[in-house]
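J.: Need coordinates for the below:
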Amino acid sequence: MLGAAQQSSSASPVCSHCRGHRITASPDGGRWQKCALCEGTGIEYDPGRFFCYELGPIVVGALATVKGQSVQIIDGAFRWREIAGVSTSTNYTLQIYRGRDNRPFMQQPIHSTEFVGTGTNPFPLLTPFEFLSREYILVDFTDLSNAQNTIRLLFIGEQLQQSKS
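T.: Okay, the predicted model is just below:
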């Protein structure tokens with residue numbers, strides 16, 4: 001277990017509830033438990049501020065594939081929580097990657113109707129993912145509609161660590 005003094009030397013602020021110890025006394029004081037505020041990390045939770053990144057419009061020809069369309073994360077880290085989109089046809093697949101190491105977010109391209117939400121019903125990620133500042137979100141699209149398709153995606157989440165400038 002890292003003490004508060006050891007943890008405070010890192011760039012992340014120490015949890016105000018457990019003071020970086022990662023555990024707190026239970027409400028009755030009878031035993032120790034994982035800190036509920038920081039979930040046992042010892043680091044202060046950053047709720048961020050609402051922020052969106054839009055990718056598009058991307059024009060994909062009939063039955064064509066367009067690879068490596070990108071949007072860059074700016075001003076600080078970004079915690080991606082939901083995805084929404086619009087398109088002229090919902091009959092396409094997509095594959096999303098983290099640009100720095102080409103980490104895919106699915107084992108194969110997924111049909112848009114199974115992953116892309118709408119403006120009124122965005123698709124939530126079960127586990128939010130954090131992109132670092134200046135990283136890229138990359139997306140490959142393949143049209144299945146046998147007609148030209150124009151696609152826009154919206155990555156919804158929070159901007160973390162604001163820049164000082």
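J.: Thought residue 158 was touching residue 50, still the case?
T.: Yes. Counting by Cβ atoms under 8 Å, residue 50 does reach residue 158; the two are 6.2 Å apart. Glycine gets a C-beta too; all of them are placed from N, C-alpha and C.
J.: Which one of the two is surrounded by more residues?
T.: residue 158 (19 against 10; other Cβ atoms under 10 Å).
J.: Need the per-residue pLDDT for the spatially most central residue of the chain.
T.: Computing the C-alpha centroid of the chain and ranking residues by Cα atoms, centre = their mean puts residue 80 first, at 2.0 Å. pLDDT recorded at residue 80 is 96.
J.: which element is it on?
T.: Using DSSP states H and E, residue 80 sits in strand 78-87.
J.: what's next to that strand, contact-wise?
T.: Applying Cβ atoms under 8 Å, 6 or more residues apart in numbering, the set of residues contacting strand 78-87 from outside is 48, 51, 53, 112, 115-119, 121-125, 128-131, 133, 137, 149-160.
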